[in-house]
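> for reference, the sequence and a predicted model appear below.
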Amino acid sequence: MIENNRYVLKRPSNAPVSPRFTIDYEKELNPAQYAAVTALDGPVLVIAGAGSGKTRTLVYRVARFIESGLPPQNLLLLTFTRKAAQEMLSRAGLLLGTVCDRVAGGTFHSFSNTILRRHGTAIGLEPAFTILDRPDGEDVIQLLRNARGLGEREKRFPRKNTLSDMFSASVNKATGLDEVVMTEYPHFADHLDDILKLEKSYTDYKRRRSLLDYDDLLLKLQELLETRREIREQLSEIYRAIMVDEYQDTNKIQARVVRLLCASHENVMVVGDDAQSIYSFRGAHFKNIMDFPKEFPKARLFKLEENYRSTQPILNLTNEIINQAREKYPKHLFTHQKEGCPPALVQAENENWQSRFVCQKVLELREEGVPLDEIAVLFRSSHNSFDLEIELIKHGLPFVKRGGFKFIETIHVKDVLAHLRVLQNPRDAVSWNRLLLLIDGVGPKKSQSIIAAISKETDCFKALKVQAEQKTGGSALKEVLRLFKDLLSTPGVPSEQLNRIYAYYTPLLSQRFDDYPKRIKDLEHLYAITERYLKLDEFLSDITLEPPSEAVSEIEPASREDEKLILSTIHSAKGLEWHTVFIIWALDGKLPSIYSFDDEDQLEEERRLMYVAATRAKKGLYITYPVNVYDKALGTVLSRPTRFLDGISRSLFDTWSLVEEDL
């Protein structure tokens, strides 16, 4: 072909085509972000400092992969919350359109659920297994605890929630249960044999009834990948590129799963910040992010150090706090927001003076135009805010404290979901027990008798019919049977099934609760959620793994008048930011906790906790502590400010002392 006196050679059909990018990545990203986004081959470790645009980096990397020719379904994005995955893929969709909808994204647990339902039969799992949430798992433990008579003894045996913590810690820390008990619960050492036997009973109970708790999802995925080479390699071929967010929060099992998914390649990028690893109590393993270069020797390291959140005076202090860490990836956060007020270390005479200072300063900020919901008070432990809460009420300052029951944990929602879970998995004894106890005349003993009888039969509903004909009060059981007969004979989408259950449950709801109109609103909210689903198993998996956080009755419309000051533990504040942050009780024995003094690793995590708290602030940071602290054993004692400020130049923060106004 001749064009303008030039003869154009055609490109061979097998010649590689250079991708044409619709996005100007170099313009949209800073140099460090751009380097991380464009490093598409091989293992990559991105150390993303606080407020450094980590999410933006992940979003543009998703887009870069797709524009470079990787089919979106071959890209796997693992996060710690569904909200995070949805936000990233939604933002990527704004860049490239609906093609990003096909990216495989979600939490470790939701990914495990998907893979186990597809391939779990290879390790003996039934595809219709039921996922136990934390309260349901505790109920099973209590059932087995009572059956063994472990609550009927002179020496107190651990309660169900403590036992659940023990079992979970053993899994997530990849540590023997005996070691967990001896190191973390030594006061229960005399009961070790019974605790070990109870865990075995719990494991057997779940296996026989096709039940998996949250920890089982990870354990079973690891087992599948380790023992079934063909499935491991198949998944590795499907997911040709893997990205993991918040890698510092992974436990040993999750890190192992990531390694196994790289069976046929090493195209994995993990993003995280070693300085924000604060969840060891959940099993997060700090060494995962530190040892990534050992696990993947060819890994390239990128650091995101430009901060888009805080002023430089705040960063100067936070940099120094974390620079004193024993083990770290050295980094220095900087920003173009050079001006700003220096952080203040505020010394109060006592706890009440500390509370009065916070209230007075919050009112001043409010007068300056800072909304209440742009101000947060952070603390190490929930009880640290009790005096402050009283003072806030005196000053008429509305506040919200992070915590409380989740929507999924409310009694009425759990009642309704129990019916759906039995419909999905008729061998789910936990859900059977819940719905049977709703029936007049059926108590715990009779419920267990019925469950024992129907569990022996292949057809649970047919066995229930026999029970209904034999038991006193069988008419109520027959009503339950009619409900399930209706549900089974006319299978439909979850919303239709839920409607049938509502017709049965609503009269019970009005009898059991004085505030049933509010609870009906919750059930309406649940119905609205089910309308998005066509399959019952998908709905039940999602509602268990990523439940809505609030009941409808607790949700209030936002307006200027409804602004509320935020009170939060530091752990609950991670990932959030506010105009102004107060860190209260910043003294030795509180932050760091007195329990960390003899454990170097725990003390280092407390330092990271202080760092996380301080880096939540955008414009203002106040670190407060009371000098005179009441101790039950010693009376009033003098305190000292947190050791994490030791050795830091006093030029990096102001020092204030509170004094009483003269009359």
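All right, it came through fine.
> identify the single longest helix in this protein, thanks.
Ranked by number of residues, the top helix in the chain under DSSP state H is helix 494-512.
> now the following helix or strand past that helix: buried residues?
Moving toward the C-terminus from helix 494-512, the next helix or strand (DSSP states H and E) is helix 516-530. For helix 516-530, burial by neighbour count (16 or more other Cβ atoms under 10 Å) applies to 516, 519, 520, 522, 523, 525, 526, 529, 530. C-beta: built from backbone N, CA, C; applies to glycine.
> sort out which one of the residues you listed lies nearest residue 285 for me.
residue 529 (33.8 Å; Cβ to Cβ).
> is residue 302 in a bridge, and if so with what?
residue 46 (DSSP bridges).
> what distance do you get for it to residue 23?
19 Å (Cβ to Cβ, to the nearest Å).
> same check on residue 456?
62 Å.
> more crowded one of these two?
Legend: neighbour count by other Cβ atoms under 10 Å for residue 456 and residue 23, higher for residue 23 (15 against 8).
> just want the phi and psi numbers for the more buried one.
Dihedral pair for residue 23: phi -110, psi 140, per degrees, to the nearest 10.
> and residue 306, by the same measure?
Dihedral angles of residue 306 (phi, psi; degrees, to the nearest 10) stand at phi -80, psi 120.
> I figured it hits residue 331, correct?
No - taking contacts as Cβ atoms under 8 Å, residue 306 lies outside contact range of residue 331: 10.7 Å.
> for residue 567, helix, strand, or coil?
Of the three states, residue 567 takes strand under DSSP: H, G, I helix; E, B strand; the rest coil.
> give me the beta-bridge partners of it?
In this entry, residue 567 is beta-bridged to residue 377, residue 401, by DSSP bridges.
> residue 322 contacts residue 611, correct?
Yes - using Cβ under 8 Å, residue 322 is in contact with residue 611, at 4.7 Å.
> what comes into contact with the longest helix of the chain?
412, 415-416, 419-420, 423, 438, 479, 483, 486-487, 490-491, 516, 519-520, 523, 526-527, 530-531, 533-536, 539 (Cβ atoms under 8 Å, 6 or more residues apart in numbering).
> out of those, which are buried?
Here, 16+ other Cβ under 10 Å leaves 412, 415-416, 419-420, 423, 438, 483, 487, 516, 519-520, 523, 526, 530, 533, 536, 539 buried among the contacts of helix 494-512.
> where does the stretch 151-300 of the chain dip in pLDDT?
Across the stretch 151-300 of the chain, residues meeting the criterion (pLDDT under 70) sit at 151-155.
> mind redoing it with 80?
For the stretch 151-300 of the chain, the stretches with pLDDT under 80 are 151-156.
> please, where are all the strands along it?
Counting by DSSP state E, counting those that start in this stretch, the stretch 151-300 of the chain has strands at residues 211-213, 241-244, 268-272, 300-304.
> which of those sits most buried?
strand 268-272 (a mean of 25; mean count of other Cβ atoms under 10 Å).
> paired strands for that strand, with orientation please.
When DSSP bridges is applied, strand 268-272 pairs with strand 44-48 (parallel), strand 241-244 (parallel).
> output those as JSON lines; include the columns distance to residue 34.
Below are the strands paired with strand 268-272 laid out as JSON lines (distance: least, Cβ to Cβ, whole Å):
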{"stretch": "strand 44-48", "distance to residue 34": "12"}
{"stretch": "strand 241-244", "distance to residue 34": "16"}
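> neighbouring contacts of stretch 215-226?
Residues contacting stretch 215-226 (Cβ under 8 Å, 6+ apart): 108-109, 111-113, 115-116, 119-120, 122-123, 125, 131, 167-168, 171-172, 206, 212, 231-232, 235, 251, 253-254, 256-257, 260-261.
> go with 6 Å
With Cβ atoms under 6 Å, 6 or more residues apart in numbering as the test, stretch 215-226 has contacts from 109, 112-113, 115-116, 123, 168, 171, 232, 253, 256-257, 260.
> now tabulate those residues in a markdown table and tack on distance to residue 396 and neighbour count.
Below are the contacts of stretch 215-226 laid out as a markdown table (distance: Cβ to Cβ, whole Å; neighbours: other Cβ atoms under 10 Å):
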| residue | distance to residue 396 | neighbour count |
| --- | --- | --- |
| 109 | 43 | 21 |
| 112 | 48 | 26 |
| 113 | 47 | 25 |
| 115 | 53 | 19 |
| 116 | 52 | 23 |
| 123 | 59 | 16 |
| 168 | 42 | 18 |
| 171 | 47 | 20 |
| 232 | 61 | 19 |
| 253 | 49 | 22 |
| 256 | 53 | 19 |
| 257 | 51 | 23 |
| 260 | 56 | 16 |
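> and of the residues you listed, the nearest to residue 184?
residue 168 (11.6 Å).
> ok, the closest one to residue 253 distance?
Distance from residue 168 to residue 253, by Cβ to Cβ: 12 Å.
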